[in-house]
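Student: Build me a model:
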Amino acid sequence: MSSLTLDAEALYGDLLRGMRLLLTSYAEPPQLVGVASGGAWLVQRLQTDLGLTQPAGTLSSSMHRDDFSQRGLASSGQTLLPFDVNGAHLIVLDDVLYTGRTIRAVLNELFDYGRPASVKLVVLVDRGGRELPVQPDLAVARVALPASQTLELARAEDGQFSFRVQDR
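Tutor: Numbering: from 1, shown residues only. Presented below is the predicted three-dimensional model:
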């Protein structure tokens, strides 16, 4: 286990403030889409805290992963996009951005549903280590962790967020 301590609730507060600013750049509120599962949890809470009434979506990376043969359909939720993707302005949210491979996979999944007008990427934590040219439009925090460790958002039964850092 690592000694890294990240206050997920404080970072969520910063995310909420950042999202309020980002939303001011749109004439109409964009559709929020969370990457399963941490990003979807963030979207669920943001929808309420921002008072957004349009439906939000969830994107799964499972079917487009380049390591599908090793991972299969493990633990990722299903894609649910209860709106027309064509011509929509989307904000894709994820908990942790690392290599960029999950984002590549969810973008491939997204384009299976149509062609959005624009897509912005917002992440709670950017841990560097990119293997693909993917950068967030908004990253609340940046941390450095060794490749031997994973970082993921956890959600308690009461909805409170925390982070888990684990050795691979």
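
Student: Tell me who's in contact with the residue nearest the centre of the chain.
Tutor: Nearest to the mean C-alpha position of the chain, by CA atoms, centre = their mean, lies Asp94 at 1.1 Å. If a contact means CB atoms under 8 Å, 6 or more residues apart in numbering, then Asp94 has 34-35, 38-39, 42, 102-103, 106, 121-124 as its contacts. Using the backbone N, CA and C atoms, a C-beta is placed for each residue, glycine as well.

Student: lowest average confidence, helix or strand, in the protein?
Tutor: Least confident helix or strand of the chain, by mean pLDDT, DSSP states H and E, is helix 68-71 with a mean of 50.

Student: pLDDT on the helix or strand following that one, on average?
Tutor: For helix 68-71, the following helix or strand on the C-terminal side (DSSP states H and E) is strand 89-97. The average pLDDT within strand 89-97 is 98.

Student: Now stretch 101-120: buried residues?
Tutor: 101-107, 109-110, 113, 116, 119-120 (16 or more other CB atoms under 10 Å).

Student: now swap in stretch 143-155 and tell me
Tutor: Neighbour-count burial for stretch 143-155 [16+ other CB under 10 Å]: 145, 151, 153, 155.

Student: List the contacts of it.
Tutor: With CB under 8 Å, 6+ apart, stretch 143-155 has contacts from 2, 4, 6, 8, 38, 41-42, 95-96, 98, 124-129, 161-168.

Student: export that stretch as PDB, just CAs?
Tutor: What follows is stretch 143-155 as a C-alpha-only set of coordinates in PDB (Å, rounded to 0.1, in the frame of the first residue of the first chain):
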ATOM      1  CA  VAL A 143      -0.300  13.000  -9.000                       C
ATOM      2  CA  ALA A 144       2.700  10.700  -9.800                       C
ATOM      3  CA  LEU A 145       2.500   7.100  -8.900                       C
ATOM      4  CA  PRO A 146       4.800   4.200  -9.900                       C
ATOM      5  CA  ALA A 147       3.400   2.000 -12.700                       C
ATOM      6  CA  SER A 148       3.300  -0.800 -10.100                       C
ATOM      7  CA  GLN A 149       0.400   0.900  -8.300                       C
ATOM      8  CA  THR A 150      -3.300   1.400  -9.300                       C
ATOM      9  CA  LEU A 151      -5.400   4.400  -8.200                       C
ATOM     10  CA  GLU A 152      -9.200   4.200  -8.300                       C
ATOM     11  CA  LEU A 153     -12.200   6.000  -6.900                       C
ATOM     12  CA  ALA A 154     -14.300   4.200  -4.400                       C
ATOM     13  CA  ARG A 155     -17.800   5.000  -3.300                       C
END
